[in-house]
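Asker: I would like to see how this sequence folds:
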Amino acid sequence: MLRSMKSRRRSCLGIVAFGLFTSPMSCSSHGASKQQSSETIASLTTGCDKRNYGSCFSLGTRFESGDGVAKDNARAVALFQRACDGGNAQGCSGLGFAYETGNGVSQDSSRAFALYRRACDGGDGMGCAFLGAMYESGKRIAKDKAAAAKLYQQACDKGNAMGCDELGRMYFYGNGVAKDEGHAIALYQRACDGGDAWCANLGAAYGIGSGVPKDEARAATLFQRACDANNAEACATLGAVYESGEGVTKNKSRALTLYQKACRIGLKKACDDASRLQ
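Answerer: The predicted structure is shown next:
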């Protein structure tokens with residue numbers, strides 16, 4: 001049975017999501033060789049030292065993810081701070097995410113909110129999307145679904161896949177907006193086109209035939225795209241698909257591999273599913 005794919009902040013929404021060297025919202029790992037990564041680190045360092053604040057931000061994403069350098073959250077925060085102070089809106093989003101999650105700094109939702117607002121006002125779609133998520137959840141601020149929808153729309157209009165996906169979810173379920181599955185599907189497609197990690201909700205719609213004709217094979221393909229981009233929930237859902245044989249040939253070994261991947265990414269329920277199949 002297909003699992004509920006109601007969107008929430010996925011494990012792939014780490015700072016890697018901000019990376020400038022993959023698709024803007026991709027959660028896939030960087031394909032560069034170690035030598036290429038080192039050369040990139042060197043060039044980014046030089047650029048940052050020369051007050052190219054986009055380079056400071058990009059270098060911060062590398063330290064946060066451990067891509068080409070030893071993972072160093074404190075160093076990442078310092079670079080995001082420098083980028084933000086220099087007027088780079090993405091740097092403010094990165095810094096806001098660090099404060100919201102307590103990743104390299106003491107957790108501070110109020111500080112995160114202010115930074116997301118600054119980033120959104122500065123033109124960064126990710127900042128708008130993260131700010132929208134705070135309004136939707138009511139995390140340290142008054143819950144305001146109308147404001148959330150407006151911010152997701154702003155993010156989507158700026159080409160941010162997360163914003164399109166989250167707004168699509170709101171329309172799909174009629175959450176704070178009038179339910180409109182057709183509009184939701186269009187937004188899900190836009191999100192998926194903007195980054196493979198955001199294909200899961202579109203896959204779920206095809207899997208249950210809601211808003212689109214039911215097509216379990218297409219659903220599996222979309223879940224695979226999202227899983228390949230390290231969306232943990234998509235990997236776990238695809239594992240369930242292979243375990244049950246919905247739209248694919250039943251394959252418990254494949255299901256186990258997918259549950260294990262989702263577990264490694266950080267989805268606890270998938271760890272339980274993997275243990276069950278072992």
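Asker: and residue 189, how many neighbours?
Answerer: 18 (other Cβ atoms under 10 Å). Heads up, the C-betas are built off the backbone N, CA and C, glycines and all.
Asker: contacts only, for it.
Answerer: residue 202 (Cβ atoms under 8 Å, 6 or more residues apart in numbering).
Asker: if we use 10 Å, what do you get?
Answerer: 164, 168, 198, 199, 201, 202, 205, 212 (Cβ atoms under 10 Å, 6 or more residues apart in numbering).
Asker: same deal with residue 227?
Answerer: Per Cβ under 10 Å, 6+ apart, neighbours of residue 227: 27, 196-197, 199-200, 203, 233-239, 258, 261-262, 265.
Asker: element containing it?
Answerer: Taking DSSP states H and E as the definition, residue 227 sits inside helix 216-228.
Asker: what's downstream of whichever helix or strand residue 135 is part of, the next helix or strand?
Answerer: Here residue 135 is covered by helix 125-137, with elements defined by DSSP H and E. Sequence order places helix 145-157 as the next helix or strand after helix 125-137, per DSSP H and E.
Asker: helices and strands around that following helix, which ones?
Answerer: helix 109-121, helix 125-137, helix 161-173, helix 181-194 (3 or more Cβ pairs under 10 Å, 6 or more residues apart in numbering; DSSP states H and E).
Asker: tell me the angle of the first one relative to helix 125-137?
Answerer: So that's helix 109-121. With axes from the mean of the first three to the mean of the last three Cα atoms, to 10 degrees applied, the angle from helix 109-121 to helix 125-137 works out at 130 degrees.
Asker: helices or strands up against helix 109-121?
Answerer: Helix 109-121 packs on helix 73-85, helix 89-101, helix 125-137, helix 145-157, going by 3+ Cβ pairs under 10 Å, 6+ apart.
Asker: now render these as CSV, adding distance to residue 51 and mean pLDDT.
Answerer: As requested, these are arranged in CSV below (distance: least, Cβ to Cβ, whole Å; pLDDT from 0 to 100):
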stretch, distance to residue 51, mean pLDDT
helix 73-85, 9, 98
helix 89-101, 12, 97
helix 125-137, 22, 97
helix 145-157, 28, 98
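Asker: now those helices in TSV, with mean neighbour count and distance to residue 252?
Answerer: TSV is the format used below for the helices and strands packed on helix 109-121 (neighbours: other Cβ atoms under 10 Å; distance: least, Cβ to Cβ, whole Å):
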stretch	mean neighbour count	distance to residue 252
helix 73-85	21	38
helix 89-101	27	35
helix 125-137	26	36
helix 145-157	21	38
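Asker: dump those into JSON lines; add distance to residue 185 as well.
Answerer: Formatted as JSON lines, these follow (distance: least, Cβ to Cβ, whole Å):
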{"stretch": "helix 73-85", "distance to residue 185": "35"}
{"stretch": "helix 89-101", "distance to residue 185": "28"}
{"stretch": "helix 125-137", "distance to residue 185": "19"}
{"stretch": "helix 145-157", "distance to residue 185": "14"}
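Asker: looking at those, which is closest to residue 225?
Answerer: helix 145-157 (19.3 Å; Cβ to Cβ).
Asker: run through who's touching the closest one.
Answerer: 116-117, 120, 123-138, 141, 144, 160-171, 175-177, 187, 190-191, 194.
Asker: stretch 254-269 too?
Answerer: 3, 10-12, 14, 27, 223-224, 227-228, 230-245, 248, 251, 270-278.
Asker: just the CA atoms of that stretch, as CSV, please.
Answerer: What follows is stretch 254-269, C-alpha atoms only, in CSV (Å, rounded to 0.1, in the frame of the first residue of the first chain):
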residue,chain,number,x,y,z
ARG,A,254,15.0,-4.5,-3.7
ALA,A,255,12.5,-3.3,-1.0
LEU,A,256,15.1,-4.0,1.7
THR,A,257,17.8,-2.1,-0.1
LEU,A,258,15.4,0.9,-0.4
TYR,A,259,14.4,0.8,3.2
GLN,A,260,18.0,0.6,4.2
LYS,A,261,18.8,3.7,2.1
ALA,A,262,15.9,5.6,3.6
CYS,A,263,17.1,4.6,7.1
ARG,A,264,20.7,5.8,6.3
ILE,A,265,19.3,9.2,5.2
GLY,A,266,17.5,9.4,8.6
LEU,A,267,13.9,8.1,8.3
LYS,A,268,13.4,6.0,11.5
LYS,A,269,10.3,4.2,10.3
